[in-house]
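In: Sequence and predicted model, in that order:
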Amino acid sequence: MSAFLGPIHHMMFNKIKTAADRSRAVIELFREKHGAQADEIINAALPDGPVNFGDTSLEELIGGNPIHPFLQSLVDKVEVSEATLVTALLYGFPENGRELLGEAFRKHGAETAEKVGGGQSGDGVESIANSINQIYLEGMPCDPGGSFSLQAENSLKVDHSACLHMPKWESVGAPVNVMCELMDEWILGFAKKLNPSAAMERLESI
């Protein structure tokens, strides 16, 4: 791993681990609310369990594999696993599954912001956006991501030219609109932890 690319690869791995850990937060909340019934649905959806890297280092995981395709394979694995879990719980608990998923995503976003930002509050929109960019999984570094433009002193607009998640969500039958909403809720939970007055609005979808 080169001195230049090494930090980028490690940042990417942290993003992947953060996305994987979101499933842990979802599972914990559904077990708390639905007990054994949640376990039955979760185990059927993910018989090998959610993706969990534990304390394994990136270097240990990579071994002799080319790093870029290996990291891409981890992105795919995590996003497919999460979409599979979300879909199973959404349809397994039609009475409150969507509500609980939103709660879990917001909570995990806030937990992540506390780890990344130390729980500080009062950050401006650019600072919040920079913090999100450091930890939110939005494809590989070479993939087309969001373009940011400052609309006003306290307003930032983010445009995406393509959705990198949709093919993976659709591959397991996940409702794309719900997945988008949940990602928004994660971002909102993250942003509000850094600044309680933060708000966001999705103007349109691809």
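Out: Right, received. Where do you want to start?
In: What is the lowest-mean-pLDDT helix or strand in the chain packed up against?
Out: Across the helices and strands of the chain, mean pLDDT, DSSP states H and E gives its lowest value to strand 146-152, namely a mean of 76. Identification of packing neighbours for strand 146-152 by 3 or more CB pairs under 8 Å, 6 or more residues apart in numbering; DSSP states H and E yields helix 125-135, strand 155-160. C-betas here are computed from N, CA, C, even on glycine.
In: And the contacts of it?
Out: Here strand 146-152 makes contact (CB atoms under 8 Å, 6 or more residues apart in numbering) with 125-126, 129, 138, 156-161.
In: Of these, just say which sits nearest to Pro196.
Out: Closest approach between the contacts of strand 146-152 and Pro196, by CB to CB: Val125, at 13.6 Å.
In: those helices in this structure, which residues are they?
Out: 5-45, 58-62, 67-92, 97-117, 125-135, 166-171, 176-194 (DSSP state H).
In: export those helices to CSV and tack on mean neighbour count and distance to Glu204?
Out: Listed next are the helices of the chain as CSV, based on neighbours: other CB atoms under 10 Å; distance: least, CB to CB, whole Å:
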stretch, mean neighbour count, distance to Glu204
helix 5-45, 17, 24
helix 58-62, 14, 36
helix 67-92, 19, 22
helix 97-117, 20, 20
helix 125-135, 17, 19
helix 166-171, 16, 15
helix 176-194, 20, 11
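In: Compare the mean pLDDT across these and name the weakest.
Out: When the helices of the chain are compared by mean pLDDT, helix 125-135 comes last with a mean of 88.
In: helices or strands next to that helix in the packing?
Out: helix 5-45, helix 97-117, strand 146-152, strand 155-160, helix 176-194.
In: hey, C-alpha coordinates of it in PDB?
Out: Extracted C-alpha coordinates of helix 125-135, given in PDB (Å, rounded to 0.1, in the frame of the first residue of the first chain):
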ATOM      1  CA  VAL A 125     -23.300  23.200   6.900                       C
ATOM      2  CA  GLU A 126     -19.900  23.100   5.200                       C
ATOM      3  CA  SER A 127     -18.300  21.600   8.300                       C
ATOM      4  CA  ILE A 128     -21.100  19.000   8.600                       C
ATOM      5  CA  ALA A 129     -20.800  18.100   4.900                       C
ATOM      6  CA  ASN A 130     -17.100  17.600   5.200                       C
ATOM      7  CA  SER A 131     -17.600  15.400   8.300                       C
ATOM      8  CA  ILE A 132     -20.200  13.300   6.400                       C
ATOM      9  CA  ASN A 133     -17.800  13.000   3.400                       C
ATOM     10  CA  GLN A 134     -15.200  11.500   5.700                       C
ATOM     11  CA  ILE A 135     -17.400   8.600   6.900                       C
END
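In: got the angle for that helix vs helix 176-194?
Out: Note on geometry: by axes from the mean of the first three to the mean of the last three CA atoms, to 10 degrees, helix 125-135 and helix 176-194 are set 120 degrees apart in direction.
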